[in-house]
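Chemist: Next comes the sequence, and after it the predicted model I'd like to discuss.
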Amino acid sequence: MPELPEVETVRRGLNQLTLSQEVTGGDILLQRTISYPFSVDEFVDRIKGNTIATWHRRGKYLLAELSTPSPSYLGVHLRMTGQLLWLNQDEPLHKHTRVRLFFGERQELRFVDQRTFGKIWYVPGNMAVEAIITGLAKLAVDPFSPEFTVEYFANKLKKSRRPIKTGLLDQSVVAGLGNIYADEALFKSRILPTTPCTELQISQIELLRIAIIEVLSASIALGGTTFSNFLSVKGVNGNYGGEAWVYNRTGEPCKVCGHVIQRLKLGGRSSHFCSQCQS
DNA sequence: CGTTATACCTGCCAGC
DNA sequence: TGCTGGCAGGTATAAC
Ligand SMILES: [Zn+2]
């Protein structure tokens, strides 16, 4: 479900709805969703009594800053099908409910996750976030950060001759891109997904950098994607879908030149592209 | 070290 | 109608 625009949409909803309310309990319906600590009872004990000061996003990871002890955190990764929903506790359970966190008397933050790949961590105050949520250790800069310069990007890309599509999905190159927006950014910058990273000209790298920022911004502005089971915290789907140039359009005509959109497996993932517009 | 394949799951859809 | 194979937002780890 979630790439950067969807996770950012969820983060904004969480900041509107969940702050400054006491966590009064929890119910872990699927133990392996909790990545840390090992004991789910300890997880609930540690979270209980806290309030959330604010939600941060790092790449596709969500981090809730907890009140006590400071600094301590609740981390969430939605992976493919995770949803965080703000509900009344009496709302009937969704089929794929995995974790319930209760707030105050009636409210609940419910983690629903069909494919069960999603992960939740509690990060104690005396431990580094990267030591618990290990995926954060190798995470690259955010595409909206001033550090995401053409020099930074070129430096990351020169290290490997793998296809650029594979490079864009590597979260240690740039944080937050997934299959949809990687394909869209490559189309917008007119680069074939198969192009080896090392063969990109600096001018192409700059076009790609701009396209990444544009495509992610456009989707955030529309509340995330229509593709997949994505839902915001308030339970609504996004509106970014009709504006897709190539993603999920195999066999349909290119919106620019009319040539048929093709699909190719790269790094185990589908890539969608126009062989006329992209080179 | 870089790179690819596979595992982790559930469900949907096209084709036979 | 079943059944089967392929596919789906992502990442960690094993196996070259
Ligand atoms: Zn085209």
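Modeler: Noted; the coordinates are in hand. Since we're looking at a predicted model, the values are computed, not measured.
Chemist: only C-alpha atoms for contact and neighbour calcs from this point on.
Modeler: Will do.
Chemist: any idea how far the ion is from the closest residue to A:Ser20 other than its chain neighbours?
Modeler: In this structure, A:Ser20 finds its nearest non-sequential neighbour in A:Thr51, 5.1 Å apart by CA to CA, 6 or more residues apart in numbering. Look at A:Thr51 and the ion: by CA to the ion, to the nearest Å, they are 51 Å apart.
Chemist: Go through the longest helix seen in chain A and flag the buried ones.
Modeler: For chain A, the helix with the greatest residue count under DSSP state H is helix A:202-221. In terms of neighbour count (16 or more other CA atoms under 10 Å), helix A:202-221 has its buried residues at A:204-213, A:215-217, A:219-220.
Chemist: What is the nearest of the residues you listed to A:Leu109?
Modeler: A:Ile220 (22.1 Å; CA to CA).
Chemist: residue contacts, the closest one?
Modeler: Taking CA atoms under 8 Å, 6 or more residues apart in numbering, we find A:Ile220 in contact with A:5-6, A:8-9.
Chemist: Just the ones of the residues you listed in helices?
Modeler: Of these, the ones assigned to helices by DSSP H are A:5-6, A:8-9.
Chemist: Report the closest residue of chain A relative to DNA strand C.
Modeler: Proximity of chain A to DNA strand C (CA to the nearest atom of the strand) peaks at A:Ser228, 1.9 Å away.
Chemist: Neighbours of that residue, how many?
Modeler: Neighbours of A:Ser228 under the rule other CA atoms under 10 Å: 12.
Chemist: and if you look at A:Asp27?
Modeler: The number of residues packed near A:Asp27 is 15, by other CA under 10 Å.
Chemist: Shouldn't it be within a strand?
Modeler: Yes. Looking at A:Asp27 with DSSP: H, G, I helix; E, B strand; the rest coil, it is inside a strand.
Chemist: Surely it is in contact with A:Arg100?
Modeler: Yes. Counting by CA atoms under 8 Å, A:Asp27 does reach A:Arg100; the two are 5.0 Å apart.
Chemist: so what's the residue of the stretch 1-150 of chain A found nearest DNA strand B scoring on pLDDT?
Modeler: Proximity of the stretch 1-150 of chain A to DNA strand B (CA to the nearest atom of the strand) peaks at A:Arg115, 3.8 Å away. On pLDDT, A:Arg115 comes in at 97.
Chemist: so what's it up against?
Modeler: Neighbours of A:Arg115 in contact, by CA under 8 Å, 6+ apart: A:80-82.
Chemist: and of those residues, the nearest to the ion?
Modeler: Comparing the contacts of A:Arg115 against the ion with CA to the ion places A:Met80 closest, at 29.1 Å.
Chemist: coming back round to it: dump the ones in helices among the contacts of A:Ile220 into a markdown table; add pLDDT, distance to DNA strand B and neighbour count as well.
Modeler: Converted to a markdown table, the ones in helices among the contacts of A:Ile220 look like this (pLDDT from 0 to 100; distance: CA to the nearest atom of the strand, whole Å; neighbours: other CA atoms under 10 Å):
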| residue | pLDDT | distance to DNA strand B | neighbour count |
| --- | --- | --- | --- |
| A:Pro5 | 97 | 22 | 27 |
| A:Glu6 | 97 | 20 | 26 |
| A:Glu8 | 98 | 23 | 24 |
| A:Thr9 | 97 | 24 | 22 |
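Chemist: any idea how far A:Gly176 is from A:Ser20?
Modeler: 28 Å (CA to CA, to the nearest Å).
Chemist: Who has more neighbours out of the two?
Modeler: More crowded of A:Gly176 and A:Ser20, by other CA under 10 Å: A:Gly176, with 30 against 15.
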